[in-house]
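1. Sequence below, structure please.
(chains A, B, C and D)
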There are 2 protein chains.
Amino acid sequence: MLSDRTARPAGELARGARLAPSTISTHLGRLLDAGVLDVEQHGRHRYYRLADPGIIRIVESLATIAPPKPIRSLGGASTATSLNFARTCYDHLAGRLGVWVTDELVARGMLVDGTTGLDVSDAGAAWLEDLGVSVSEARAQPRIFARRCLDWSERRHHVAGALGSGLLARLLDLAWIEHVDGSRAVRVTAAGREGFKRSLGTPPASS
Amino acid sequence: MLSDRTARPAGELARGARLAPSTISTHLGRLLDAGVLDVEQHGRHRYYRLADPGIIRIVESLATIAPPKPIRSLGGASTATSLNFARTCYDHLAGRLGVWVTDELVARGMLVDGTTGLDVSDAGAAWLEDLGVSVSEARAQPRIFARRCLDWSERRHHVAGALGSGLLARLLDLAWIEHVDGSRAVRVTAAGREGFKRSLGTPPASS
DNA sequence: CGGACGCTTCGGGTAGCCCCGAAACGTGAC
DNA sequence: GTCACGTTTCGGGGCTACCCGAAGCGTCCG
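-> So this is what the prediction gives:
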């Protein structure tokens, strides 16, 4: 849950791992002592995050070789919260939906491995422009065009970078997806289900 | 023990870890199932090695953040074998002696961090030439001049690359060190103790 | 100021990992 | 064929990491 560089309070981590707050607190304390985590206090919340980029790299490389349902203890970890289905990760789409979109684009040859990160093929550019995402604008931005970002709930990659950002913005604009209250969680609208179905096939179920 | 890319039979790994062969065999079996290790059978020996470069990188990065005396179980791991004191790692010097030499050179400002790996200062070059190691020859070689190599017994770095190779060759040439029978283990001769003392201070004890 | 809330600390129960010795297996040596 | 040797498999024992509920501490809110 912390591998997306977010800082999260202990209670949220406990709920996410389906463990008692006291249990999570012990773990966090040890990781803090070991220098793996940093903590920042805001009011009565204590926000934990991975200590440095080196640690992040290690966590990510471990996650890539870990079996799909790893974690020998920690209760079973994967929760059934709406965050697992779809959420924003910074400014792009993550969760089961984000990974699905990425997978479909790759399967159709629209998204391919490029020299630095990912790239779109001609077919991919056409599809994106048709949807209303400006590929040329994304390319012009002073940041990496498209890169893989590790999804903590799916343990697979979804697309980030300028392209991921543009895609998320357009999907919200089209009202194919919308934020759930004020949270990072996202839900697919009726229009979205239709739209996805027409252009990429049936999206995963939210349950 | 496997992080230097060597392949080793189960029994040697058991002795190195000071564990019963049956215990080590269980661990190796699990790591094999998980795809972390590969195995190759030669006669009645089974040689284990890390499965791929990705795994090697992960093992090394974990070792760099692990505390100096980690390993919660596994008996206590660090053996008192002669391999721990001094050995060759490919074509350079490793073990307590190899790490000591590297540390002393760094402490004296002779070995410094360079753009790619390590580099020698003017003082370092002078010292090496005085010893009889040709720095210019090492630089001319079509391989990296000097790099850090993780020492599995010390869990710290020693110097490798063309410079590490030249240094080992010269130390053997000067008969400051010599191989123990046919093994990778190395011992310091009487002349070596004298020589090290004059130029770098008292070397670590072999016991 | 009292109560709610987030978090941590403490004490104790349990599951499962790590370990070993004994025995089985397979290969090479005599 | 028999023995030696390296390795694996099996059955069990001890330890400790993980986990929880209860209690304590600090912060915010009414």
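
2. so A:Leu172 sits right up against A:Glu178, yeah?
-> Yes - shown here, A:Leu172 and A:Glu178 form a contact pair, counting by CB atoms under 8 Å, at 6.9 Å. The way it works is simple: take the backbone N, C-alpha and C, and place the C-beta from them, glycine included.

3. Tell me the secondary structure at A:Ile144.
-> coil (DSSP: H, G, I helix; E, B strand; the rest coil).

4. Not counting sequence-adjacent ones, nearest residue to it?
-> Spatial nearest neighbour of A:Ile144, chain neighbours left out: A:Gly161 (4.7 Å); criterion: CB to CB, 6 or more residues apart in numbering or on different chains.

5. separation between that neighbour and DNA strand D?
-> A:Gly161 sits 35 Å away from DNA strand D, going by CB to the nearest atom of the strand, to the nearest Å.

6. Contact partners for that residue?
-> Applying CB atoms under 8 Å, 6 or more residues apart in numbering or on different chains, we find A:Gly161 in contact with A:His92, A:Gly117, A:Leu118, A:Arg143, A:Ile144, A:Phe145, A:Ala146, A:Arg147.

7. pretty sure the fifth one is in contact with A:Ala162, am I right?
-> Yes - between A:Ile144 and A:Ala162 a contact is recorded at 7.0 Å, counting by CB under 8 Å.

8. Give me the domain ranges for chain A.
-> As given by automatic domain parsing, the domain ranges for chain A are A:8-76, A:82-200.

9. Reformat those domains as CSV; add mean pLDDT.
-> Converted to CSV, those look like this (pLDDT from 0 to 100):
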stretch, mean pLDDT
domain A:8-76, 80
domain A:82-200, 84
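
10. Quick one, which of the ones you listed gets closest to B:Asp113.
-> Minimum separation from B:Asp113 across the domains of chain A (CB to CB) falls at domain A:8-76, 16.2 Å.

11. highest average neighbour count across the domains of chain A?
-> Comparing the domains of chain A by mean neighbour count (mean count of other CB atoms under 10 Å in any protein chain shown), domain A:82-200 comes out on top with a mean of 17.

12. returning to what we had before: possible to save the domains of chain A as CSV with distance to B:Ser206?
-> Putting those into CSV (distance: least, CB to CB, whole Å) gives the following:
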stretch, distance to B:Ser206
domain A:8-76, 33
domain A:82-200, 46
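
13. Nearest to B:Pro203, out of the ones you listed?
-> Among the domains of chain A, if distance is taken as CB to CB, the winner is domain A:8-76, at 32.0 Å.

14. near chain B, anything from that closest one?
-> Yes - between domain A:8-76 and chain B, judged by CB under 8 Å from any CB of the partner chain, the touching residues are A:Ala34, A:Gly35, A:Val36, A:Gly54, A:Ile55, A:Arg57, A:Ile58, A:Ser61, A:Leu62, A:Thr64, A:Ile65, A:Pro67.

15. Would you report which members of the residues you listed are assigned to helices?
-> With DSSP state H as the criterion, helices contain A:Gly54, A:Ile55, A:Arg57, A:Ile58, A:Ser61, A:Leu62, A:Thr64, A:Ile65 from among those.

16. The last one contacts B:Ala51, doesn't it?
-> So the one you mean is A:Ile65. No - counting by CB under 8 Å, A:Ile65 sits too far from B:Ala51 to count as a contact (9.5 Å).

17. and for those two, which residues touch both?
-> With contacts taken as CB under 8 Å, 6+ apart, A:Ile65 and B:Ala51 have B:Gly35, B:Val36 as neighbours in common.

18. what secondary structure does the closest residue to DNA strand C within chain A sit in?
-> DNA strand C sits closest to A:Gly11 of chain A, with a gap of 2.3 Å, by CB to the nearest atom of the strand. Secondary structure assignment for A:Gly11 (three-state DSSP): helix.

19. picking up where we left off before, closest one to B:Ser136 among the domains of chain A?
-> B:Ser136 sits nearest to domain A:8-76 of all those, at 35.2 Å, using CB to CB.

20. Beta-bridge partners for the residue most central in space within chain A, please?
-> Most central in chain A under CA atoms, centre = their mean is A:Ala94, positioned 3.0 Å from the mean C-alpha point. On the basis of DSSP bridges, A:Ala94 is bridged to A:Arg87.

21. Quick check: the gap between it and DNA strand D.
-> For A:Ala94, the distance to DNA strand D - CB to the nearest atom of the strand - is 24 Å.

22. In this structure that residue contacts A:Trp100, no?
-> No - the criterion here is CB under 8 Å, and A:Ala94 misses it with A:Trp100 at 11.0 Å.

23. What parts of chain A come near DNA strand C?
-> Proximity of chain A to DNA strand C, by CB under 7 Å from any atom of the strand, involves residues A:9-12, A:14, A:21-22, A:24-26, A:28-29, A:39, A:44-46, A:72.

24. immediately after the helix or strand hosting A:Val99, which helix or strand?
-> According to DSSP states H and E, A:Val99 maps onto helix A:95-107. Sequence-wise, the next helix or strand downstream of helix A:95-107 (DSSP H and E) is strand A:111-113.

25. What are the contacting residues of that next one?
-> A:Thr102, A:Leu105, A:Val106, A:Leu118, A:Asp119, A:Val120, A:Ser121, A:Gly124, A:Ala146, A:Val159.

26. Neighbouring strands - and their directions - for it?
-> strand A:118-120 (antiparallel).

27. As a check, name the ranges of all strands in chain A.
-> All strands of chain A, identified by DSSP state E, fall at A:8-9, A:37-42, A:45-50, A:87-89, A:92-94, A:111-113, A:118-120, A:147-150, A:157-160, A:177-179, A:186-188.

28. how much space is there between the residue nearest to A:Ala86 when sequence neighbours are not counted and A:Leu19?
-> Using CB to CB, 6+ apart and skipping residues adjacent in sequence, the residue nearest A:Ala86 is A:Leu97, 3.8 Å away. For A:Leu97, the distance to A:Leu19 (CB to CB, to the nearest Å) stands at 26 Å.

29. what does A:Val106 give?
-> From A:Val106 to A:Leu19 the distance is 35 Å (CB to CB).

30. Before I go, just wanted to say thanks for your time.
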